[in-house]
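Novice: my questions are about this predicted structure, shown below with the sequence.
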Amino acid sequence: MVNAGEVLLHTGADASYSAAIDTTTGYGYFGTSGADPVGYVSMIDLHGSTPTLVSSASENIASGVFGMLGVIIDTSDADPAKHYLYVGTATGQILKMSPGTASTPPQVLATLSPTSNGKAGVIHGLMDTSQGYAYFLSGGTTYVRVLRVNLSNFTDAGTVQIPIGESASAGQINSLRYGAIDATNHYLYLTTSAVTATHGVDNPDSPEICKINLQTAFKSATGASNPVNGTDYSVCDLSSTVAGAGIGRVGFNNPVIDEGIVIDAVHGYAYIASYNCDNSNSNLNLHTWPYNQSIVARIAVGTGPTFPPNPVASVLTMQVGERDMTCGFLDAANGNIYFGTDNTYPAHVYMIHVGDGTQPMAEVGRLDLNPGTANPYPPTGYVDGITHPNSDAMQWGEIYLRSGIIDPTNNRLYFGTDSVPGQVIQVNINQLPFVTANPVNQKGISGATVNFIAAATGSLAATVQWQVSTTGVAGTFSNIIGNPTAATETLTLSNITPAQNGYAYQAVFTNSAGSTTTAAATLTVYSLPVLTLPANITVPATSKNGAVVTYSGTANDVVDGALTLVCTPPSGTTFAIGATTVTNSATDSGGLTSTGSFIVTVQRSFAWFQDQYGLINADPTADPNHTGVCNLAAYAFGMNPSAPDRSQLPNVMLQNGFLQISYPRWLDAGDLSYVVEVSGDLQNWNFGPGYTQQISVTPIDSTREQIVERDLIPANGASHRFIHVKITH
């Protein structure tokens, strides 16, 4: 946070207790609490690097109308000239004012004197433009009333009255004074405020946050004031010391909530900052400086008409002396809330990181505003923690922050002060680190070392944390653990592996204002291409030369994608009978080559036999040369069909009383099967382990073997025994 500067308001325009901003036109409006007999609405130009005063519209406000405690603005109309101001006054009127221009101050267009609230003075204003209503809080000695104004016709739309039990005792300022609106779910939230002039000493009221259902509370609220009922209104008592139930602690007086309430409707939380919270059991010693500390509580508000069970999600205790926290603001985009302080010399602005409500709250920034010229400081006789009259802005500096607005688009806060004259102070927020160097994509071979480099600058010191996404730049990033360079501007990755290919890396620079993330860069790791090859191939020969074999494979690289696969021999080659090894290789753009192989086996077949001997009649059972040996037998036993070598035919003999047969067979004839069968009657033939036994297998050459197999039934024990080789094609 940076104190960018301030502007002094007109003399008499002091005690700026209310403020509104029109971010579409770049103007802010601050209303004064006092200025009797004429109130002021100061128009501030927010376009420049610091605020400038356009005008203080006192001359346009009727005499006797003062205490501009409820300045709100309706920006829902597309025409900036219709961005009307609605100002609730301490004298009971509601003013409708033009927004003004760079040369014309706001003008009073109409005045509403509500009857439903008994013309009570306004102490706070809120707006729900989605419903077309403005709401003004008014206080009394035993009640709080909420007045609704219809913005479309600027009429009194009724008043609801908070139950008597929620107000302070007679003669004191009513405890429910300030609040915020959840325009998403249409609830109005009120908090307990100071009930005595010393802001909490012997405070008889427990801290509370109250919820009014704006959808139901005003259904019958016309004419006279109507009390809310159980469906319109609920209360969360925060005085308990039980975790989750309250914000009180043993040894602490009940904290008082002044203007410090912020609603995060998206995540369902209210944040309340206490005005003070004493760490003793006795009365506050206001003459000891500093004398106490504030707390910030996160309250779950839910989306229904009542608070959820155990609504106190967490409590943050500020440092000793950090207290009197008032007007608060939400920077939803960055998950931060800001609170100013009232009775401190000088004023302070605290930055609390709250995130989305799931993480612990943390004070991440404190800005001390400018002190005055008085010496000693605080001025002699004026103790910290008490508001004093005649608080000259030059002598006492920037003090008493009682109103404010946030401009999230330009990352600015504007605070109105209770000094004389009033000031509007600009605080620049979210002074996030500014990235000056994004990491760039890196490439390397598996096992190499690569560096990612990033840099950022800013007015606040920043730390760096590198993050990685294992699924690329669109994936989820997480902090890198265990690498000491992950906390430096240069991230070093040693011995990179193929598994890291496609990983994305980014750096997060963090200072007290928040975090800024660089663009993500991708790591490319070259590794051996992956070959996908066919399994070993076995095909029958189609001629005496073998067979033409086709096949396909792929090569892919994590960097280059599909690569060209080089196969030797190539697909479509005529492979000879037998086994041939096909070698394959692919090379990626990183120069890495992968190789692989598979085997093509061409088996002997009847087609080979036919082509080898030039058979015209391809019928396996034919004997075209009249040799007494059919084509299939000649093929099966390795004979020339024109002149068969009969010694290659099966040979049957009686061996040790058993029939035995010997025959040659091909090792590589895939279309043949040889089965030895036995029979006792030439009608019923049997085969297999129960009928025959293989005696020997003897290699003849690299392509054939000699088989000897016998009958298991003795020949001399049967009237007839027969044995043969059955050839199946």
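Specialist: Sure thing, it's come through. Numbers count the residues shown, from 1 in each chain.

Novice: pLDDT-wise, which helix or strand of this protein ranks last?
Specialist: Here the helix or strand of the chain ranked lowest by mean pLDDT, DSSP states H and E is strand 226-227, holding a mean of 68.

Novice: now for the helix or strand that comes right after that one, which elements pack on it?
Specialist: Once strand 226-227 ends, the next helix or strand along the chain (criterion: DSSP states H and E) is strand 233-237. The contact analysis (3 or more CB pairs under 8 Å, 6 or more residues apart in numbering; DSSP states H and E) places strand 233-237 against strand 208-213. Quick note: C-beta positions are derived from backbone N, CA and C, even for glycine.

Novice: and the strand it packs on, how far out from the chain middle?
Specialist: Relative to its parent chain, strand 208-213 has a centroid offset of 31 Å by CA atoms, centre = their mean, to the nearest Å.

Novice: cool, and stretch 90-109?
Specialist: Centre to centre, stretch against its chain (CA atoms, centre = their mean), the figure for stretch 90-109 is 44 Å.

Novice: assign the residue nearest the centre of the chain to helix, strand or coil.
Specialist: Per CA atoms, centre = their mean, the C-alpha nearest to the average position across the chain is that of Thr476, at 7.9 Å. Three-state call for Thr476 (DSSP: H, G, I helix; E, B strand; the rest coil): coil.

Novice: how near is it to Phe66?
Specialist: Distance, Thr476 to Phe66, by CB to CB, to the nearest Å: 57 Å.

Novice: check Ile247 too.
Specialist: From Ile247 to Phe66 the distance is 36 Å (CB to CB).

Novice: neighbour-wise, which of those two wins?
Specialist: Set Ile247 next to Phe66 and count neighbours by other CB atoms under 10 Å: Ile247 wins out with 26 against 22.

Novice: and that one, what does it touch?
Specialist: 207, 238-239, 255, 272, 274, 295, 297, 312, 315 (CB atoms under 8 Å, 6 or more residues apart in numbering).

Novice: point me to the helix or strand that includes it.
Specialist: Going by DSSP H and E, Ile247 is not in any helix or strand.

Novice: where in the stretch 101-250 of the chain is pLDDT low?
Specialist: For the stretch 101-250 of the chain, the stretches with pLDDT under 70 are 139-143, 163-177, 192-206, 221-225, 227, 229-230, 248-250.

Novice: same deal with the stretch 351-500 of the chain?
Specialist: Within the stretch 351-500 of the chain, the ranges that satisfy pLDDT under 70 run 379-390, 459.

Novice: so which residues of it form helices?
Specialist: 393-396 (DSSP state H, counting those that start in this stretch).

Novice: cool, the stretch 601-729 of the chain as well?
Specialist: Going by DSSP H, counting those that start in this stretch, the stretch 601-729 of the chain shows helices at 606-613, 631-636.

Novice: adding mean pLDDT, mean neighbour count and distance to Ala15, write these out as JSON lines.
Specialist: Shown next, in JSON lines, are these (pLDDT from 0 to 100; neighbours: other CB atoms under 10 Å; distance: least, CB to CB, whole Å):
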{"stretch": "helix 606-613", "mean pLDDT": "94", "mean neighbour count": "19", "distance to Ala15": "110"}
{"stretch": "helix 631-636", "mean pLDDT": "95", "mean neighbour count": "24", "distance to Ala15": "118"}
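
Novice: got JSON lines for those helices, with distance to Ser594 too?
Specialist: JSON lines is the format used below for the helices of the stretch 601-729 of the chain (distance: least, CB to CB, whole Å):
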{"stretch": "helix 606-613", "distance to Ser594": "36"}
{"stretch": "helix 631-636", "distance to Ser594": "43"}
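
Novice: of the ones you listed, which approaches Asn150 most closely?
Specialist: helix 606-613 (99.1 Å; CB to CB).

Novice: send the alpha carbons of that closest one over as PDB?
Specialist: This file holds the C-alpha atoms of helix 606-613, laid out as PDB (Å, rounded to 0.1, in the frame of the first residue of the first chain):
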ATOM      1  CA  PHE A 606       1.900 -77.000 -51.700                       C
ATOM      2  CA  ALA A 607       2.000 -73.800 -53.900                       C
ATOM      3  CA  TRP A 608       5.800 -73.900 -53.500                       C
ATOM      4  CA  PHE A 609       5.800 -77.600 -54.500                       C
ATOM      5  CA  GLN A 610       3.600 -77.000 -57.500                       C
ATOM      6  CA  ASP A 611       5.800 -74.100 -58.700                       C
ATOM      7  CA  GLN A 612       9.100 -76.000 -57.900                       C
ATOM      8  CA  TYR A 613       8.200 -79.000 -60.100                       C
END
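
Novice: can you list contacts of it?
Specialist: So helix 606-613 is contacted by 540-546, 577, 615, 618, 620, 631-632, 634-635, 640-642, 671, 729 (CB under 8 Å, 6+ apart).

Novice: among these, name the buried ones.
Specialist: 540-541, 544, 546, 577, 615, 620, 631-632, 634-635, 641, 671 (16 or more other CB atoms under 10 Å).

Novice: and stretch 324-332, how far out from the chain middle?
Specialist: For stretch 324-332, the distance to the chain centre is 25 Å (CA atoms, centre = their mean).

Novice: for it, C-alpha coordinates in PDB please.
Specialist: C-alpha atoms of stretch 324-332 as PDB (Å, rounded to 0.1, in the frame of the first residue of the first chain):
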ATOM      1  CA  ASP A 324     -10.000   1.300  16.400                       C
ATOM      2  CA  MET A 325     -10.600  -0.300  13.000                       C
ATOM      3  CA  THR A 326     -13.500   1.300  11.100                       C
ATOM      4  CA  CYS A 327     -14.500   1.500   7.500                       C
ATOM      5  CA  GLY A 328     -13.700  -1.700   5.600                       C
ATOM      6  CA  PHE A 329     -13.500  -2.700   1.900                       C
ATOM      7  CA  LEU A 330     -13.300  -5.900  -0.100                       C
ATOM      8  CA  ASP A 331     -10.900  -6.400  -3.000                       C
ATOM      9  CA  ALA A 332     -12.600  -9.600  -4.200                       C
END
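
Novice: tell me the buried residues in that stretch?
Specialist: 324-331.

Novice: state the mean pLDDT of it.
Specialist: For stretch 324-332, mean pLDDT is 89.

Novice: I'd like the distance between the closest residue in space to Asp232 that isn't next to it in sequence and Arg148.
Specialist: With sequence-adjacent residues excluded and distances taken as CB to CB, 6 or more residues apart in numbering, Asp232 is closest to Ala217, at 3.8 Å. Separation of Ala217 from Arg148 (CB to CB): 9 Å.

Novice: list the residues that contact both of the two?
Specialist: In contact with both Ala217 and Arg148: Val160, using CB under 8 Å, 6+ apart.

Novice: count the residues that sit near the residue lying closest to the residue nearest to the centre of the chain once chain neighbours are set aside.
Specialist: Excluding its sequence neighbours, the residue lying closest to Thr476 (CB to CB, 6+ apart) is Ser469, at 6.1 Å. Neighbourhood size, Ser469 [other CB under 10 Å]: 18.

Novice: pretty sure Ser469 sits against Gln500.
Specialist: No: at 11.3 Å, Ser469 and Gln500 do not qualify as touching, with contact defined as CB atoms under 8 Å.

Novice: quick revisit: can you pull the phi/psi pair for the residue nearest to the centre of the chain?
Specialist: phi -90, psi 130 (degrees, to the nearest 10).
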